[in-house]
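Student: Starting from these lines, generate the structure:
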Amino acid sequence: MQIRLLPLSATLVTGLVAGLAPEAAAQDVDPQKASACMQAVDGQNYEQVLAACPEVLETLPEDHPYYAHWSQTVNYAYSLQCEPAFQGQQWDSVIAYCQMAVQANPAAFNLNYYLGVAYTATQDWANSAVNFSAFLNGIQGNSEAAAQLSDLVDASQRLGGIAYARVNAVQDAIPLLQAASAKDGTDVEVHFRLGRALLASGDAAGGEAALDVYLENAPQPLPQIRFLVGQLAYNAGNVAKADRLLSAFLEAQASGQGSADAHYMLAQALQGSDEDRAVTHYQGFLAAAAAGDARVHDANFALGTIFFNRDDCDNAETHYQALIDAAPDHANAAQVTELLAQIAEFGCSGDG
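Tutor: Sure thing, here's the model as predicted:
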């Protein structure tokens, strides 16, 4: 995005007076340093002002005749250095100069924008968020400035929202990210951050919708997001969507974190409509499940029942027996015991 730079605020220079007559410096100030500051100020050599004057002002009494003039000149010098540093992408200098300048003149909200960009570049997300918010607050209510600086407003909403999301300040992130998403309906990172923030705030439907946009537009969507949205669809009873996303997740990540859960959800979702695939996913779940996962017993019961109804006694007996051996107090244990006895005496009586 082309960034339009702002002129320095006129209020930074208002009230500057020139040519104060030289007088003796305060007794507790190094005369040579005070003289160097005075020469820099009188000569309007602003680089020298920053080199000489800040140390003098630390010890110069505030009621000294030169204090106000020198302070204003130092602040003006900081502002003069702020914008060129921004143009040169010298982020450490932007932070050093612009921070001092904005402290001296809080009304110069354009400097907050410079700081927001600099803190973003240095990945200081908390300060990035604060400064973009200060820029947006400064321009709020000024429709003319907002129209002229619409590109900076858009950038501040986007980058500020992302920065807030990165520090888990979701309530601050959501309105900025929603504004950014309204202006760019396919922005991958905005919708990724917005979806996660909305889910964290308890808005499952809104989070799922934002993450859908991410999945549709990301060149290489994160498998974990496919899993997350597939899980949301499964919880909402949307079998087709859950099947599509969880199957894609397993294609990308056949083993490891989430694979057992994906297999189990797919097995449960498909059991009534595609029994062959349900069997495959129950088996995939059993292969991936961690020791002690209580769902193993339910998977063995489900597989035993499917195979029993198919008149596949060997597989039915294997899974039923695994359930009884591992969980004799399971809710279906009594029924399974009867079925095992029936298999031993009469075989299966399914449809097979």
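Student: can you give me the strands in the protein?
Tutor: For the chain, no strands turn up when DSSP state E is the criterion.
Student: which secondary structure elements does the helix or strand of the chain with the lowest mean pLDDT contact?
Tutor: In the chain, no helix or strand scores lower on mean pLDDT, DSSP states H and E than helix 46-59, which sits at a mean of 79. In terms of contacts (3 or more C-beta pairs under 8 Å, 6 or more residues apart in numbering; DSSP states H and E), helix 46-59 is packed against helix 31-42, helix 67-87. Where C-beta positions appear, they are placed from N, C-alpha and C, glycine not excepted.
Student: Among those helices, which comes closest to Gln335?
Tutor: If you check each of those against Gln335 by C-beta to C-beta, helix 67-87 wins as the nearest, at 73.3 Å.
Student: And that closest one, what does it pack against?
Tutor: Taking 3+ C-beta pairs under 8 Å, 6+ apart as the contact definition, the neighbouring helices and strands of helix 67-87 are helix 31-42, helix 46-59, helix 91-104, helix 110-121.
Student: Find me the pLDDT at the residue lying closest to Leu228 once chain neighbours are set aside, would you?
Tutor: Leaving aside its sequence neighbours, Leu228 sits nearest to Leu211 (C-beta to C-beta, 6 or more residues apart in numbering; 6.8 Å). Turning to Leu211, the model gives it a pLDDT of 98.
Student: next one: the one 4 residues further on
Tutor: Reading off the confidence values, Leu215 has pLDDT 97.
Student: so who does it touch?
Tutor: For Leu215, the residues meeting the contact criterion (C-beta atoms under 8 Å, 6 or more residues apart in numbering) are Pro221, Ile225, Arg226, Val229, Leu245.
Student: try 6 Å this time
Tutor: The neighbourhood of Leu215, defined by C-beta atoms under 6 Å, 6 or more residues apart in numbering, consists of Pro221.
Student: any idea how far it is from Phe249?
Tutor: Between Leu215 and Phe249 the distance is 11 Å, computed by C-beta to C-beta, to the nearest Å.
Student: Likewise for Ser128?
Tutor: Distance, Ser128 to Phe249, by C-beta to C-beta: 32 Å.
Student: How many neighbouring residues does the residue lying closest to Pro175 once chain neighbours are set aside have?
Tutor: Nearest non-adjacent residue to Pro175, counting by C-beta to C-beta, 6+ apart: Gly161, 7.8 Å away. Using other C-beta atoms under 10 Å, Gly161 has 29 other residues around it.
Student: Model confidence score at Gly19, please.
Tutor: The confidence metric pLDDT takes the value 32 at Gly19.
Student: How about Asp30?
Tutor: If you check Asp30, the pLDDT there is 83.
Student: Please identify the most buried of the helices and strands packed on helix 67-87.
Tutor: Each of those was scored by mean neighbour count; the highest is helix 110-121, a mean of 25, by mean count of other C-beta atoms under 10 Å.
Student: helices or strands next to that helix in the packing?
Tutor: Helix 110-121 sits against helix 91-104, helix 125-139, with contacts defined as 3 or more C-beta pairs under 6 Å, 6 or more residues apart in numbering; DSSP states H and E.
Student: Check what contacts it and list those residues.
Tutor: With contacts defined as C-beta under 6 Å, 6+ apart, helix 110-121 is touched by 6, 82, 86, 91, 94-95, 98, 101-102, 127-128, 131-132, 134-135, 152, 159.
Student: same thing but at 8 Å, please
Tutor: By C-beta under 8 Å, 6+ apart, the list of residues contacting helix 110-121 reads 3, 6, 9, 79, 82-83, 86, 89, 91-92, 94-95, 98-99, 101-102, 105, 125, 127-129, 131-132, 134-135, 138, 152, 155-156, 159-160, 163.
Student: Give the ChimeraX command for selecting the buried subset of those.
Tutor: Written as a ChimeraX command, the selection of buried residues from the contacts of helix 110-121, which uses 16 or more other C-beta atoms under 10 Å, is:
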select :6,9,79,82,83,86,91,94,95,98,99,101,102,105,125,127,128,129,131,132,134,135,138,152,155,156,159,160,163
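Student: Between the two ends of stretch 102-115, how far is it?
Tutor: Counting by C-alpha to C-alpha, to the nearest Å, you get 9 Å between the two ends of stretch 102-115.
Student: could you give me the average pLDDT of it?
Tutor: 87.
Student: possible to save the helices and strands packed on helix 67-87 as TSV with distance to Gly206?
Tutor: Formatted as TSV, the entries for these read as follows, by distance: least, C-beta to C-beta, whole Å:
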stretch	distance to Gly206
helix 31-42	56
helix 46-59	49
helix 91-104	34
helix 110-121	25
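Student: what's near enough to touch the closest residue to Lys33 other than its chain neighbours?
Tutor: The shortest distance from Lys33 to any residue that is not its chain neighbour, by C-beta to C-beta, 6+ apart, is 5.2 Å, and that residue is Val56. For Val56, the contacting residues are Ala25, Val29, Asp30, Lys33, Ala34, Cys37, Trp70, taking C-beta under 8 Å, 6+ apart as the criterion.
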